[in-house]
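[1] Coordinates only, no sequence provided:
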């Protein structure tokens, strides 16, 4: 049901917490550690607030991560790089590709049934490359609106946002909860590219979308 009479079905505020999901994507140790201190702390604060709000209001949370036990397909452009650079580094230090501890699901049953992990193979940018994610969101959870945060903006965020809108979800990107190694690319995506089909909002706005119906 609409949250108020002024919103429309193409706006995230139209959908309450029962039809909204939070996707936290590729917050890997190696990527979070690449960030400079001020912006790193700002991202950590943003993601922690999003997670706390989702848990409090029973909004489903999906941790979208790369399954590094699977090799990318031979058609992937990163295929050679995977075996010569990425895979040896991961084997030497597996913690590099673990989810940043502050964001990981609570252990055991504390996470609850509304918090889960979705893995995809290396290479593709979109979290929807995991073919079970779409029916899980749409049919099992009844989700119509997605709130996204992740690293990097030009990778999993862009890929998932574009496919999400093509799959008829209302997609919201939280600008404080995304980051890209290329600062100019990050701003161009948030200011120019993503707003064409998705909503780009602050953490405070996104928190408002996850409050109880």
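    That came in fine, so what should we check first? As the structure is a computational prediction, the values presented were derived from the model and not from experiment.
[2] pLDDT averaged over stretch 54-70 - what is it?
    Within the predicted structure, the mean pLDDT of stretch 54-70 is 94.
[3] Could you check it and say which residues are buried?
    54-55, 57, 59-66, 68 (16 or more other CB atoms under 10 Å). In this view, the C-beta of every residue, glycine as well, is placed from N, C-alpha and C.
[4] Please apply the same query to stretch 166-182.
    Across stretch 166-182, burial judged by 16+ other CB under 10 Å covers 169-180.
[5] Let's see which of those residues end up in strands.
    170-179 (DSSP state E).
[6] From residue 167, how far off is residue 78?
    Residue 78 sits 25 Å away from residue 167, going by CB to CB, to the nearest Å.
[7] And the buried residues of stretch 54-70, which is closest to residue 122?
    Closest approach between the buried residues of stretch 54-70 and residue 122, by CB to CB: residue 66, at 5.4 Å.
[8] taking the buried residues of stretch 54-70 one by one, which sit in strands?
    Counted as lying in strands by DSSP E, out of the buried residues of stretch 54-70, are 61-66.
[9] got the residues you listed as JSON lines, with distance to residue 44 columns?
    Shown next, in JSON lines, are those (distance: CB to CB, whole Å):
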{"residue": "61", "distance to residue 44": "16"}
{"residue": "62", "distance to residue 44": "19"}
{"residue": "63", "distance to residue 44": "16"}
{"residue": "64", "distance to residue 44": "18"}
{"residue": "65", "distance to residue 44": "17"}
{"residue": "66", "distance to residue 44": "20"}
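[10] show me where the chain has strands.
    Under DSSP E, the chain gives strands at 20-25, 61-66, 115-120, 145-151, 170-179, 199-201.
[11] can I get these in a markdown table with distance to residue 131?
    Shown next, in a markdown table, are the strands of the chain (distance: least, CB to CB, whole Å):
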| stretch | distance to residue 131 |
| --- | --- |
| strand 20-25 | 16 |
| strand 61-66 | 13 |
| strand 115-120 | 9 |
| strand 145-151 | 17 |
| strand 170-179 | 19 |
| strand 199-201 | 26 |
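[12] Out of those strands, flag the one nearest residue 41.
    With CB to CB as the measure, strand 170-179 is the member of those nearest residue 41 (11.1 Å).
[13] low pLDDT regions in this structure?
    The chain contains residues with pLDDT under 70 at 1-5, 108-112, 212-213.
[14] longest helix in it, by residue count?
    Secondary structure of the chain per DSSP state H: the longest helix is helix 37-56.
[15] okay, the angle between that one and strand 145-151?
    In terms of direction (axes from the mean of the first three to the mean of the last three CA atoms, to 10 degrees), helix 37-56 departs from strand 145-151 by 150 degrees.
[16] Name the residues of helix 37-56 that are buried.
    Across helix 37-56, burial judged by 16+ other CB under 10 Å covers 43-44, 46-47, 49-51, 53-55.
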